[in-house]
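Chemist: here is a sequence together with a model predicted from it:
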Amino acid sequence: MKAGLVGWRTSSHSGPQGNCVEVGLASDAVGVRDTKDRDGGTLLFDRRAWRSFLDSLRR
């Protein structure tokens, strides 16, 4: 699945020390990884769970 993730982008809330995350998309999932350690692993979420997470942040 990790190979299917595309369009990685860095969080707009990243700090100047590089403490940030990147989000990549696949047809059925969203991946999150550490910008400083891109090969260190990726957390995968299904799109519904990711949308629920974003909605909770906006409230």
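Modeler: Cool, the structure landed.

Chemist: Ala49 should be in a helix, yeah?
Modeler: Yes: Ala49: assigned to a helix according to DSSP: H, G, I helix; E, B strand; the rest coil.

Chemist: how many neighbours does it have?
Modeler: Using other CB atoms under 10 Å, Ala49 is surrounded by 12 other residues. All C-beta atoms are positioned from the backbone trio N, CA, C, and that covers glycine.

Chemist: list the neighbours of the least confident helix or strand in the chain by mean pLDDT that are in contact with it.
Modeler: Lowest mean confidence among the helices and strands of the chain (mean pLDDT, DSSP states H and E): strand 6-10, at a mean of 88. Here strand 6-10 makes contact (CB atoms under 8 Å, 6 or more residues apart in numbering) with 20-26, 33, 35.

Chemist: of the residues you listed, which qualify as buried by neighbour count?
Modeler: Among those, those buried by neighbour count (16 or more other CB atoms under 10 Å) are 22-26, 33.

Chemist: before we move on, back to that, can you list the contacts of strand 6-10 in TSV and add pLDDT?
Modeler: Listed next are the contacts of strand 6-10 as TSV, based on pLDDT from 0 to 100:
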residue	pLDDT
Cys20	87
Val21	89
Glu22	92
Val23	92
Gly24	93
Leu25	92
Ala26	90
Arg33	92
Thr35	87
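
Chemist: including distance to Ser11 and secondary structure, could those residues go into CSV?
Modeler: Below are the contacts of strand 6-10 laid out as CSV (distance: CB to CB, whole Å; DSSP: H, G, I helix; E, B strand; the rest coil):
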residue, distance to Ser11, secondary structure
Cys20, 5, coil
Val21, 5, strand
Glu22, 7, strand
Val23, 7, strand
Gly24, 12, strand
Leu25, 14, strand
Ala26, 18, coil
Arg33, 11, strand
Thr35, 8, helix
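
Chemist: quick check: the farthest pair among those residues?
Modeler: Largest separation among the contacts of strand 6-10 by CB to CB: Cys20 and Ala26, giving 20.5 Å.

Chemist: surely Val23 and Gly31 touch.
Modeler: Yes: with contact defined as CB atoms under 8 Å, Val23 counts as touching Gly31 (7.0 Å).
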